[in-house]
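Visitor: sequence plus predicted model, see below.
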Amino acid sequence: MRPEHSGVHRGNALGAVLLDAKLAVPVHRAGTVSRGALVGSARARGRRVVGITAPAGYGKTTLLTEWLRLEDRPVAWVSLDRFDDDPARLLTVLTSACVRHGLVDPAVEDEMGGTRASVLARSAPRLASALRSSPLPFVLMLDDLHEIRSSACHDALGVVIAGVPPGSQLVAASRDEQPHIPRLRALGDTFEIGPRHLALDAAGTRTVFAASDVDLSPEAAIAVTARTEGWPVGVYLASLIARDGGGDGVAITGDDRYVADYLQREAFGRLTADAQQFLLHTAVLEHLSAPLCDAVLDEPGADEQLRRLEATNVFLVPLDRRREWFRYHALFREFLLSELQRCEPDGVRKLQLRAADWYEAHDSPALAVEHLLSTDERDRTAILVATLANPTYQSGQIATVQRWIDELGAPAAEAYPPLALMAGYVAAFTGQTQQAQRWAAVVDAASFPHVPPDGSASFDSARAMLRALMCAHGPQQMEQDAELALRLEPEWSVWRDNAQAMAGEAALLAGDVERARSLFASAIESPTGNVNADTLVFAAAELALLEMDHGRWTEAATLLAPGLGVLETHRMQDYATCVLALAAAARLALHLGDAEEAQRQLTRAMRARPVCTYVIPFIAVRTRLELARVCWGLGDQPAAQHLLHEIDDVLLRRPELGTLVEEVGALRAALSSAAPSRAPGVSPLTPAELRLLPYLQTHLTIREIGDRLFVSRNTASSEIGSIYRKLGVSSRSEAVRRATAIGLLGA
């Protein structure tokens, strides 16, 4: 199921229905062969993880639904699909399932968003910790785990699995080898069920045929079992063909070695032409409802077809209790799609577009994007993604925007300048320096005479704001860009506050504090209601820091509080534009004498600072400058000195930063003249080490960690050694425990 923003639909009634369907247990079909003995063995062994791995059609879902009927512990169920192959999305869905059954606190669900980099560092360990503290033993069931293919998802899932406590179990069904199984097998911590356990014997074959009202002799059962090799769906299809064709089920299997293909064609071929066309044309849908099917088919009557298909048991799985939403059995849908592609290759695009039209018309544009991504409609998709990018980003789901842009592809984004501009923003906000500069160059060279779909007044205005943000040519050029945006964005524009904040920053870098204060205040008081949440957080932080600089601490606290509230609500702790607020909160707490709170906010900002890079230089420098002041105030001179070195690295690339350069020089002089700290200290983890740290939770080798981070094994090994030294540990497990204890991992 595709979320409006995160992997879970939250914004409308349709989204709620689809989420309910995703987390609802499929109906256990009567007449299936009991797997009670397998379930009993898996439960009795008490292993934390149960892996059910077998090709399609072996009854994995059926086993899970029977297990649930026999289970006395709370069971959280998740039916995974290809749209969950995104780490933030995956963890949000898992948490939603757990929240529904009282396994974790609802507040945990709000902590699953953020950048891709933060998912492994913050979200996954937070969910693992919540599961570890669950008040009840539980079972977490994941169906169709093979839909999850990305290494980032499996890395995060591995961290979550580590949080399953004794007495509870994670049960996962997959067609493919489950990446976490080999390690757990070596530890004796998994119970495995494979094809040989799920294949039917002759008695099971007779049970299946009896459910289809076909009387099968013992000899015929042996023959059918031998020809299908006990493959459950093959046996089931044979029973349907025997029932409808009046045979005994032996002759129909034939000598075709590809029994699956033969039997599926036989089952499909016995349906009416109308039913066949309905099945083929609706196979493009992950999930089906009568209104959606009517729209895709461009004719009424889907409700009757769905009821008839469900009644005749043709691989239609109900997804909700009201039986309004369905899906096809995965194996059967694959067959239908292949048939559709073979028979009507030119028709697939039309069907996908109709589905996209329906979702857009029903206030689910993110779902429309998912269908459009399967077509060649790159122009339309680019426009829709550009439209959704900012609100999706502002909701705390930047990973979804990244995935859309990645799937759409660079050529499509380059061909549509408003989307290229959004790609530049995403890269800059997530610390992808090379990508950010590449997109900035694309945007600089582009022209777009139309009004962009993101709500900005013009492409020239939007481009000017991106240029101002990246401040590649110093404060004077930044001021010109920001002033251009201010002139072009009217008072009612949703981008007006962003233009004001950029103009305020340019004024601050130029030394015009009063103008900067006025512009930041205007950004906070935007008549559009501060659609850009991160702009409010940033402007509030800058205003608060200006008050602190003048000793007005009460006013600073009043200004900072709303920004921090928005940051928490939207889960933007890992956004480059919001880290400054954490640094300001640390400075405020230090002044108030709350060393514990100062250290907490300092830790949050320090671990998020890798996203603050030279592509947004004023944020990178100002954030580190404030953090250095806090470190010095806490007596940690080595950390303060290290942050100054990081500032120097930024200034090497962006030397023209106006008054900021003077502030850095003043702090450097103060640190140099101060008496050395008596307290021993070590340098904080570098941005590179912070990026590597979350992978120590996984069981990846050093070489595999290097591959994830696109660095050599030697570099990864060196960084791991430095992490150990700085944390005062000698092993990965100790490093994880220490990092969690001091707040560098987890929430």
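Guide: In hand now; what should we look at?
Visitor: alpha carbons only for contacts and neighbour counts from here, please
Guide: Will do.
Visitor: okay, now residue 376: neighbour count?
Guide: 12 (other CA atoms under 10 Å).
Visitor: ok now do it, which residues does it touch?
Guide: Neighbouring residues of residue 376 by CA atoms under 8 Å, 6 or more residues apart in numbering: residue 349.
Visitor: tell me if I'm right that residue 152 and residue 90 touch.
Guide: No. Using CA atoms under 8 Å, residue 152 makes no contact with residue 90, being 10.3 Å away.
Visitor: of these two, who's got more company?
Guide: Ranked by neighbour count (other CA under 10 Å), residue 152 and residue 90 place residue 90 first, with 25 against 19.
Visitor: per-residue confidence at the nearest residue to the more buried one once chain neighbours are set aside?
Guide: Spatial nearest neighbour of residue 90, excluding adjacent residues (CA to CA, 6 or more residues apart in numbering): residue 84 at 5.1 Å. The per-residue pLDDT reported for residue 84 equals 85.
Visitor: same check on the one 4 residues further on?
Guide: At residue 88 the predicted local distance difference test score is 83.
Visitor: wait, it touches residue 112, no?
Guide: Yes. Between residue 88 and residue 112 there is a contact under CA under 8 Å: 6.1 Å.
Visitor: what sits in contact with each of those two?
Guide: 119, 123.
Visitor: number of nearby residues for the residue nearest to residue 90?
Guide: So residue 84, with other CA under 10 Å, has 25 neighbours.
Visitor: helices along the stretch 451-600 of the chain, start to end?
Guide: 459-470, 474-488, 496-509, 513-524, 533-549, 553-570, 579-591, 595-608 (DSSP state H, counting those that start in this stretch).
Visitor: most packed of those?
Guide: When the helices of the stretch 451-600 of the chain are scored by mean count of other CA atoms under 10 Å, the highest mean neighbour count falls to helix 496-509 (a mean of 28).
Visitor: related to what we said a few turns ago, do you know which of the helices of the stretch 451-600 of the chain lies nearest residue 19?
Guide: helix 553-570 (20.5 Å; CA to CA).
Visitor: can you give me the angle that closest one makes with helix 579-591?
Guide: Here the directions of helix 553-570 and helix 579-591 differ by 140 degrees (axes from the mean of the first three to the mean of the last three CA atoms, to 10 degrees).
Visitor: what are the contacting residues of helix 553-570?
Guide: By CA under 8 Å, 6+ apart, helix 553-570 touches 110, 394-396, 533-534, 536-538, 540-541, 543-548, 573, 578, 581-582, 584-585, 588.
Visitor: what do you get for stretch 402-410?
Guide: With contact meaning CA under 8 Å, 6+ apart, stretch 402-410 is reached by 86, 373, 378, 381, 382, 385, 413, 423, 426.
Visitor: these two touch, right, the first one and residue 150?
Guide: Meaning residue 86. Yes. If you go by CA under 8 Å, residue 86 and residue 150 touch, sitting 7.4 Å apart.
Visitor: who's more crowded, those two?
Guide: Legend: neighbour count by other CA under 10 Å for residue 86 and residue 150, higher for residue 86 (23 against 11).
Visitor: can you show me the strands along the protein?
Guide: Secondary structure of the chain (DSSP state E): strands located at 49-53, 75-79, 139-143, 169-174, 190-193, 288-289, 316-318, 325-328.
Visitor: for residue 364, find the nearest of those.
Guide: strand 288-289 (14.7 Å).
Visitor: mind listing what that closest one pairs with, with the direction of each?
Guide: The pairing partners recorded for strand 288-289 under DSSP bridges are strand 325-328 (antiparallel).
Visitor: excluding chain neighbours, what is closest to residue 497?
Guide: Of all residues not flanking residue 497 in the chain, residue 523 sits nearest, at 4.2 Å (CA to CA, 6+ apart).
Visitor: check contacts around the one you found.
Guide: Counted by CA under 8 Å, 6+ apart, residue 523 has contacts 496, 497, 498, 500, 501, 530, 535, 536, 539.
Visitor: tabulate those (a markdown table), appending pLDDT and distance to residue 451.
Guide: Shown next, in a markdown table, are those (pLDDT from 0 to 100; distance: CA to CA, whole Å):
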| residue | pLDDT | distance to residue 451 |
| --- | --- | --- |
| 496 | 93 | 15 |
| 497 | 93 | 18 |
| 498 | 93 | 17 |
| 500 | 96 | 20 |
| 501 | 96 | 22 |
| 530 | 57 | 21 |
| 535 | 92 | 22 |
| 536 | 93 | 25 |
| 539 | 96 | 27 |
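Visitor: so which of those residues comes closest to residue 279?
Guide: Closest approach to residue 279 among the contacts of residue 523 (CA to CA): residue 530, at 46.6 Å.
Visitor: residues contacting stretch 44-59, please?
Guide: So stretch 44-59 is contacted by 42, 60, 161, 164-178, 181, 184, 188-195, 198-199, 231-234, 330-331 (CA under 8 Å, 6+ apart).
Visitor: show me how far that stretch is from its chain's centre.
Guide: In terms of CA atoms, centre = their mean, to the nearest Å, the centre of stretch 44-59 is found 26 Å from the chain centre.
Visitor: next: stretch 394-402.
Guide: Stretch 394-402 sits 8 Å away from the centroid of its parent chain (CA atoms, centre = their mean).
Visitor: measure the most centrally placed residue in the chain to residue 121 for me?
Guide: Most central in the chain under CA atoms, centre = their mean is residue 88, positioned 2.3 Å from the mean C-alpha point. Distance, residue 88 to residue 121, by CA to CA, to the nearest Å: 12 Å.
Visitor: do the same with residue 355
Guide: Distance from residue 355 to residue 121, by CA to CA: 37 Å.
Visitor: same check on residue 147?
Guide: For residue 147 relative to residue 121 (CA to CA), the value is 23 Å.
Visitor: what sits against residue 546?
Guide: Applying CA under 8 Å, 6+ apart, the residues contacting residue 546 are 517, 556.
Visitor: what about residue 447, how many neighbours?
Guide: Counted with other CA under 10 Å, residue 447 comes out at 14.
Visitor: could you do the one 4 residues further on as well?
Guide: Residue crowding around residue 451 was assessed by other CA under 10 Å; the count is 13.
Visitor: that one contacts residue 459, correct?
Guide: Yes. In this structure, residue 451 is within contact of residue 459 by CA under 8 Å, at 6.7 Å.
Visitor: let's have the contacts of stretch 402-410 in a markdown table, adding distance to residue 404.
Guide: Shown next, in a markdown table, are the contacts of stretch 402-410 (distance: CA to CA, whole Å):
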| residue | distance to residue 404 |
| --- | --- |
| 86 | 11 |
| 373 | 8 |
| 378 | 12 |
| 381 | 9 |
| 382 | 9 |
| 385 | 7 |
| 413 | 11 |
| 423 | 10 |
| 426 | 11 |
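Visitor: okay, residue 209: pLDDT?
Guide: 88.
Visitor: what's the neighbour count on it?
Guide: 25.
Visitor: distance check, it against residue 665.
Guide: Distance from residue 209 to residue 665, by CA to CA: 84 Å.
Visitor: using CSV, lay out the contacts of residue 523 together with distance to residue 305.
Guide: Listed next are the contacts of residue 523 as CSV, based on distance: CA to CA, whole Å:
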residue, distance to residue 305
496, 51
497, 52
498, 52
500, 57
501, 56
530, 48
535, 51
536, 52
539, 56
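Visitor: and the residues you listed, which is closest to residue 670?
Guide: residue 539 (27.6 Å).
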